[in-house]
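**Q** fold the following.
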Amino acid sequence: MQHHAHTVAQRLLNLYRQAHVINGGWSSVNQVFISESDDPQVIEELSSLPTGNKLISHINNLRSGKTPMDSIETDLLPYGGMMQDQDIEASLTPTEKKQLSDVLYEFEPTPESLNKVEQLSAVKKFGPDWLEDVKAALVNDPELLNKWDIVIKTHKAYQMWDSAKQLTTETLTERNRAKIQADMPEFETYLPMFGDAGNELLVKLRTFMSSMA
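**A** Predicted coordinates for the structure are as follows:
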């Protein structure tokens, strides 16, 4: 059940991010948001995903009638509305883009490099959605976009590492087992990046699941 909720939540988030290119726009996707978000577990899963809380706020606005079914509040637009405005490149000034590119060309998949990126004023201005918003801002620069994808992958890897460490040190519960099961594809993708330590964590996670079966 938890795995199904995670899949639905990810699908809704993808629709939210791609509404600007979907036939029917918000009129179409808002109907889907309402019909597929009845399950509290879907909302719970959304809250743990990047930009998921913005979508939750939008769904709540739709349900309350605050937002008409053919629109969305300006402050809840994905990518800060940049995709809708087709003004993506303008979201980074030339100075900010130069600052960012200098760091990206030196980037290594380490916590130190990741922290250096996060502390850039050109990145911090995007707030909690910085990963998605910077990617949107670089959409017309394939070379920098490829380098930013490495940043995203590195950030996700450390996120999954922290999650795995936490899950393997907490009390064994059915809820944690379900979370491990739902996230196992991502654990299997990212934990091997940490070498032997990552592979050992994978073994612990699998043992965790089997012990609760």
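
**Q** and the chain, what are its domain boundaries?
**A** With domains defined by automatic domain parsing, the chain comprises 2-85, 91-213.

**Q** and the longest one, how far out from the chain's middle?
**A** Here the centre of mass of C-alpha atoms in domain 91-213, compared against the chain's by Cα atoms, centre = their mean, to the nearest Å, lies 9 Å away.

**Q** what of the first one?
**A** Its chain's average C-alpha position is 13 Å from that of domain 2-85, according to Cα atoms, centre = their mean.

**Q** take the domains of the chain and write them to a markdown table, including mean pLDDT and mean neighbour count.
**A** (Glycine included, C-beta is placed from N, CA and C.) Shown next, in a markdown table, are the domains of the chain (pLDDT from 0 to 100; neighbours: other Cβ atoms under 10 Å):
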| stretch | mean pLDDT | mean neighbour count |
| --- | --- | --- |
| domain 2-85 | 81 | 16 |
| domain 91-213 | 88 | 15 |
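
**Q** my read is that residue 145 contacts residue 135, right?
**A** Yes: look at residue 145 against residue 135 with Cβ atoms under 8 Å: they come within range, at 6.9 Å.

**Q** could I get the full set of helices for the protein?
**A** In the chain, the segments counted as helices under DSSP state H are 2-18, 25-36, 40-47, 52-64, 82-85, 94-104, 111-118, 121-124, 130-137, 142-167, 174-190, 195-212.

**Q** tabulate the ones you listed in TSV, adding columns for distance to residue 70.
**A** Formatted as TSV, these follow (distance: least, Cβ to Cβ, whole Å):
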stretch	distance to residue 70
helix 2-18	15
helix 25-36	4
helix 40-47	22
helix 52-64	10
helix 82-85	14
helix 94-104	35
helix 111-118	37
helix 121-124	34
helix 130-137	23
helix 142-167	32
helix 174-190	33
helix 195-212	44
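
**Q** out of those, nearest to residue 73?
**A** Proximity to residue 73 (Cβ to Cβ) singles out helix 52-64 among the helices of the chain, at 6.2 Å.

**Q** which residues touch the closest one?
**A** Under the contact criterion Cβ atoms under 8 Å, 6 or more residues apart in numbering, helix 52-64 has outside partners 9, 12-13, 16, 30, 33-34, 37, 43, 45-47, 67, 69, 72-73, 76, 78, 129.

**Q** make it 6 Å
**A** 16, 30, 33, 34, 37, 43, 46, 47, 67, 72, 76 (Cβ atoms under 6 Å, 6 or more residues apart in numbering).

**Q** check contacts around the fifth one.
**A** By Cβ under 6 Å, 6+ apart, the contact set of residue 37 is residue 59.

**Q** repeat the analysis, applying 7 Å as the threshold.
**A** The contact partners of residue 37, taken as Cβ atoms under 7 Å, 6 or more residues apart in numbering, are 12, 43, 59.

**Q** list the contacts for the residue most central in space within the chain?
**A** Closest residue to the average C-alpha location of the chain: residue 50 at 3.2 Å, with Cα atoms, centre = their mean. The neighbours of residue 50, taking Cβ under 7 Å, 6+ apart as the test, are 129, 131, 132.

**Q** repeat that for residue 120.
**A** 99, 100, 103.

**Q** any chance of these in CSV, plus distance to residue 188?
**A** Formatted as CSV, those follow (distance: Cβ to Cβ, whole Å):
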residue, distance to residue 188
99, 36
100, 31
103, 30
